[in-house]
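[1] next come a sequence and a model predicted from it.
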Amino acid sequence: MEMDKDLKIALKAAREGVKTIKEFQSKKLNIREKGFHDLVTDADIATEKTILGIIKEHFPDDEILAEESENEEVLSDKRTWIVDPIDGTTNFAHQFPVFCVSVALWENKKPKVGVVIEVNRHEEFTAVAGEGAWLNGEKISVSGKTEPRNAFVGTGFPYNDLSLVDPYLKMFRHLMEKLQGMRRPGAATFDLCCVACGRFDGFYEYSLHAWDVAAAALIVQEAGGTVTDWNGESGWLFGQRIIAGNPDIHQYLLKCIEEYIPEKQRKNITH
Ligand code: IPD
Ligand code: CA
Ligand code: CA
């Protein structure tokens, strides 16, 4: 079957982005804080330029929402490319080997294509809405684990929004007892892709941006997983709070969030 044209360009842009990142891996990095605990390197800027250059060359009329371009986090009905040039910049800056390029295409406010490439293992996760999800060209699906005691779950700790830390830590303690294991790899796109291919049975985090989830959440959905915000609803793109998992572990994590996080703080920050 011929590859979807949008997927082809998304993949080309992401692969070129990976090449740009690799050029920086042997150089001395220029790292600065663009906000409190929020790093950016010259590799993030250059990689975004590479990716956007390819997208604009092929689709000059499409809209762009990219992290380092500081575009406003809104979507129109137009085709919009949502790009995180390096997801896991803190890992990258410390040479900790989990960081990804993420490229998504949304149309009519729905995800159409998602590509995430983990740079060090060169794992290419892809999805097209309604057609499925793949890892390096092989179809993937979420795990079939139903029991929390057998579940392996990813999460993330926000760098600069500590508003929910107290209830979050109480829930974390509960999950430490109930789950088989928990991990914090440091790149939300990778966490979600690990759910999609069944390495993780679930994932939850708060304080995420649209570019952290736009591609990888589609990959989870196309792999048969469930993705919601912390109200169990569909506002995860701009809601800053996400739960993903196979349907059983997603449901379990949602129940835990309902138990531990006060209702007011579960609310979306939607546009
Ligand atoms: C970050 C990563 C991290 C998550 C942060 C994100 P960045 O993205 O996804 O896992 O915990 O909230 O900001 O800044 O490295 O692109
Ligand atoms: Ca990110
Ligand atoms: Ca980033």
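    Thanks, I have it. Residues are numbered from 1 along each chain as shown. Ligands and ions are numbered 1, 2, ... in the order given.

[2] how about the CA coordinates for stretch 226-246, as PDB?
    In PDB, the C-alpha atoms belonging to stretch 226-246 read as follows (Å, rounded to 0.1, in the frame of the first residue of the first chain):
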ATOM      1  CA  THR A 226      -7.500   5.200  25.400                       C
ATOM      2  CA  VAL A 227      -6.300   8.800  25.800                       C
ATOM      3  CA  THR A 228      -8.200  11.300  27.900                       C
ATOM      4  CA  ASP A 229      -7.700  14.400  30.100                       C
ATOM      5  CA  TRP A 230      -8.100  14.100  33.800                       C
ATOM      6  CA  ASN A 231     -11.900  14.300  33.600                       C
ATOM      7  CA  GLY A 232     -12.000  11.300  31.400                       C
ATOM      8  CA  GLU A 233     -12.800  13.600  28.400                       C
ATOM      9  CA  SER A 234     -11.200  14.400  25.100                       C
ATOM     10  CA  GLY A 235      -9.600  17.700  26.000                       C
ATOM     11  CA  TRP A 236      -6.100  16.400  26.200                       C
ATOM     12  CA  LEU A 237      -4.500  18.500  23.500                       C
ATOM     13  CA  PHE A 238      -4.700  21.800  25.300                       C
ATOM     14  CA  GLY A 239      -5.800  20.500  28.700                       C
ATOM     15  CA  GLN A 240      -2.200  20.100  30.000                       C
ATOM     16  CA  ARG A 241      -3.300  16.900  31.800                       C
ATOM     17  CA  ILE A 242      -3.300  13.500  30.200                       C
ATOM     18  CA  ILE A 243      -4.000   9.800  31.000                       C
ATOM     19  CA  ALA A 244      -3.200   7.100  28.400                       C
ATOM     20  CA  GLY A 245      -3.200   3.400  28.500                       C
ATOM     21  CA  ASN A 246      -4.700   0.200  27.500                       C
END
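
[3] hmm, it in reach of ligand 1?
    No. Stretch 226-246 does not reach ligand 1 (Cβ under 6 Å from any ligand atom); its nearest approach is 9.2 Å. From N, CA and C alone the C-beta is placed, and that goes for glycine too.

[4] state the mean pLDDT of that stretch.
    For stretch 226-246, the mean pLDDT works out to 97.

[5] so how far is it from its chain's centroid?
    Relative to the chain's own centre, stretch 226-246 is displaced by 12 Å; criterion: Cα atoms, centre = their mean, to the nearest Å.

[6] residues near K78, how many?
    K78 has 12 neighbouring residues, counting by other Cβ atoms under 10 Å.

[7] and it, that one's in a strand?
    No. Read with DSSP: H, G, I helix; E, B strand; the rest coil, K78 is coil and lies in no strand.

[8] identify the residue nearest the residue of the stretch 151-271 of the chain found nearest ligand 3 in space, chain neighbours excluded?
    Relative to ligand 3, the nearest point of the stretch 151-271 of the chain is W211 (6.8 Å; Cβ to the ion). Once flanking residues are discounted, W211 sits nearest to D84: 3.8 Å by Cβ to Cβ, 6 or more residues apart in numbering.
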